[in-house]
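S.K.: quick one, what's the 3D model for this:
(one chain, ligands or ions: 1)
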Amino acid sequence: MRKNQVGRAMQYITLAMIILTAALLWWHRLGMVRVLEISARSGHAVEARDDHADGGMSRAVLAPENPFAFTCTLTKSAYAWPYCGVHFLLGRDDGGIDLSVFDHMTVVMDRAGPGEHHVRVAIRNFERGFSTVADYRTQKINEIEFTIPPAGSVTIPLGLLRTAAWWNSMMKVPLLRTGPNFDNVTSIELYTGSLSEMGTHRMHVQAIRFEGKWISERQLALALVCAWCLYGASWLALGMVQYRGQLRSEKARVATLTVINRALQLESQQLADLVKHDPLTGALNRQGLRDVLLKDQESNADGQFDAVLFIDLDHFKRINDQHGHDVGDRVLKQFAAVATPVLRGSDKLVRWGGEEFLVLCAGIGQDNAVELARRLCNRLAGMAWPEGLRVTASIGVAAIHGSADMGEAIKRADAALYVAKRNGRNRVEIATGAHAQA
Ligand SMILES: Nc1nc2c(ncn2[C@@H]2O[C@H](COP(=O)(O)OP(=O)(O)OP(=O)(O)O)[C@@H](O)[C@H]2O)c(=O)[nH]1
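M.R.: Numbers count the residues shown, from 1 in each chain. Predicted structure coming up:
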């Protein structure tokens with residue numbers, strides 16, 4: 001995927017994440033509620049309970065047509081705490097349901113009877129390690145007592161319920177486990193309160209409703225933080241992967257450009273060389289000579305060259321005329337090939353024009369220059385040439401007195417060459433008066 005496509009995708013995902021986060025927070029605030037209702041419609045079993053078993057005389061009687069409506073006759077007796085009420089059974093004796101996922105409980109009921117209507121609600125929890133199936137009283141009793149209007153409802157946060165102190169004492173519960181528990185609830189009990197007046201109380205439980213958020217605020221916050229962290233991390237990782245890919249392609253591009261650059265440098269060097277060299281013989285041309293002299297002047301004001309040889313192949317026109325230009329070209333090429341190894345590395349062979357060549361000699365001295373010219377003359381005269389030709393050259397030698405004298409020295413060498421031609425060719429003449437014979 002291209003970089004800007006990924007960027008656009010990430011923008012959409014960010015927007016989606018923001019909308020999702022806002023929607024979840026809004027939904028959590030206004031909804032996301034789960035409800036457990038215990039009522040005549042829910043089909044939970046109901047049992048009547050009173051103080052009969054404890055020696056009292058109170059009576060709880062369920063209405064035959066609706067066990068959620070019952071009559072409770074509270075009667076004073078030898079038993080100190082008369083009570084009566086009902087049990088709503090939620091699970092088996094040893095395995096109840098988890099009500100800890102709910103936040104609060106709402107009791108909706110009608111009643112009729114003497115005095116204020118005090119109600120005690122108890123939630124029985126089967127406590128592993130304490131409760132037994134044989135005796136339901138060993139199940140932890142978490143309770144609260146409150147007053148309810150004749151017809152209406154009361155909502156109670158589950159956190160307000162407390163474990164009965166007598167149960168903790170009876171079961172010898174360690175201090176840290178004395179708090180209420182709702183994770184294994186077997187029944188909910190609804191009794192008359194401790195301040196309820198004696199007499200007949202008619203009660204009709206419309207519903208006991210447990211409500212709570214599917215996810216607690218804390219869980220939601222944690223989930224959102226995790227999701228955003230994950231998203232941030234994946235964004236970073238993606239960025240890193242892209243950055244590395246970019247770096248790799250940049251490196252590859254730089255490497256390619258370096259290769260191209262080198263090739264161009266080489267090419268431009270070759271072109272520069274071409275411009276400075278005669279294509280036929282490979283000797284320097286006049287442009288090349290100019291560059292050599294400029295460089296020479298830059299490094300040494302007086303110049304390093306101290307002698308110049310002016311070479312002209314003898315009767316070259318005749319070679320062209322008799323054997324054709326191609327043969328003439330081959331002779332010119334052979335001349336350059338023969339002359340080059342005779343010269344030293346610091347000497348420069350220049351094609352002056354046509355069949356005329358210059359040799360610039362550095363640090364040689366006039367005598368040695370004359371010696372070099374003779375050697376060259378002899379070499380040319382003694383070797384085999386194309387078409388069995390005999391090729392000779394006439395050479396004028398002149399001393400160079402500093403770089404400023406270069407032009408004049410070439411003229412003097414040319415004049416000496418003219419003398420060599422006039423004196424019969426295939427010979428060396430020196431420009432400074434004393435003309436040596438080959
Ligand atoms: N094949 C060939 N011939 C060339 C080239 N450049 C110049 N020439 C010929 O070289 C010949 C030079 O002739 P001339 O200047 O008359 O000199 P020469 O015949 O060598 O006579 P001398 O110098 O007096 O010995 C001319 O015919 C030119 O056309 C070249 O690049 N190739």
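S.K.: and the longest helix for the chain?
M.R.: Ranked by residue count and defined by DSSP state H, the top helix of the chain is helix 217-276.
S.K.: average model confidence for the helix or strand just after that one?
M.R.: Moving toward the C-terminus from helix 217-276, the next helix or strand (DSSP states H and E) is helix 286-299. Mean pLDDT, computed over helix 286-299, is 90.
S.K.: what packs against the following helix or strand past helix 286-299?
M.R.: Later in the chain than helix 286-299, the nearest helix or strand by DSSP H and E is strand 305-313. Under the contact definition 3 or more C-beta pairs under 8 Å, 6 or more residues apart in numbering; DSSP states H and E, strand 305-313 sits against helix 325-342, strand 356-362, helix 366-382, strand 393-399, helix 406-422. Yep, even glycine has a C-beta here, placed from its N, CA and C like the rest.
S.K.: give the partner strands of the fourth one in its sheet and their orientations.
M.R.: For strand 393-399, the pairing partners within the sheet under DSSP bridges are strand 305-313 (antiparallel), strand 428-430 (parallel).
S.K.: convert that strand to PDB, retaining C-alpha atoms only.
M.R.: C-alpha atoms of strand 393-399 as PDB (Å, rounded to 0.1, in the frame of the first residue of the first chain):
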ATOM      1  CA  ALA A 393      60.700  12.100 -41.100                       C
ATOM      2  CA  SER A 394      62.400  15.400 -40.900                       C
ATOM      3  CA  ILE A 395      62.700  17.000 -37.400                       C
ATOM      4  CA  GLY A 396      63.500  20.500 -36.200                       C
ATOM      5  CA  VAL A 397      64.600  20.800 -32.600                       C
ATOM      6  CA  ALA A 398      64.500  24.000 -30.500                       C
ATOM      7  CA  ALA A 399      65.200  24.800 -26.900                       C
END
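S.K.: any residue of it up close to the ligand?
M.R.: No. Strand 393-399 lies out of reach of the ligand by C-beta under 6 Å from any ligand atom, never closer than 7.1 Å.
S.K.: can you tell me what sits against that strand?
M.R.: Applying C-beta atoms under 8 Å, 6 or more residues apart in numbering, the contact partners of strand 393-399 are 306-314, 335, 366, 369-370, 373, 376-377, 380, 409-410, 412-421, 425-432, 436, 438.
S.K.: in its sheet, what does the strand ranked longest in the chain sit against?
M.R.: Ranked by residue count and defined by DSSP state E, the top strand of the chain is strand 199-213. For strand 199-213, the paired strands and their directions (DSSP bridges) read strand 33-38 (antiparallel), strand 66-74 (antiparallel), strand 104-112 (antiparallel).
S.K.: specify the local secondary structure of whatever residue of the stretch 51-200 of the chain ends up closest to the ligand.
M.R.: Going by C-beta to the nearest ligand atom, the ligand is nearest to Val101 of the stretch 51-200 of the chain, at 106.1 Å. On the three-state scheme (DSSP: H, G, I helix; E, B strand; the rest coil), Val101 is labelled coil.
S.K.: what about it, how many neighbours?
M.R.: For Val101, the neighbour count with other C-beta atoms under 10 Å is 16.
S.K.: residues from the stretch 301-438 of the chain in reach of the ligand?
M.R.: Proximity of the stretch 301-438 of the chain to the ligand (C-beta under 6 Å from any ligand atom) is limited to residues 312-318, 320, 325, 328-329, 332, 354-355, 421.
S.K.: mind giving me the ChimeraX command for buried ones among the residues you listed?
M.R.: Restricted to buried positions by 16 or more other C-beta atoms under 10 Å, the ChimeraX selection for these reads:
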select :312,313,314,316,320,328,332,355,421
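S.K.: closest one to Ile215 out of the residues of the stretch 301-438 of the chain next to the ligand, please.
M.R.: Nearest to Ile215 out of those is Asp329 (C-beta to C-beta; 96.7 Å).
S.K.: so what's the closest one closest to, chain neighbours aside?
M.R.: Nearest residue to Asp329, sequence neighbours excluded (C-beta to C-beta, 6 or more residues apart in numbering): Leu280, at 6.1 Å.
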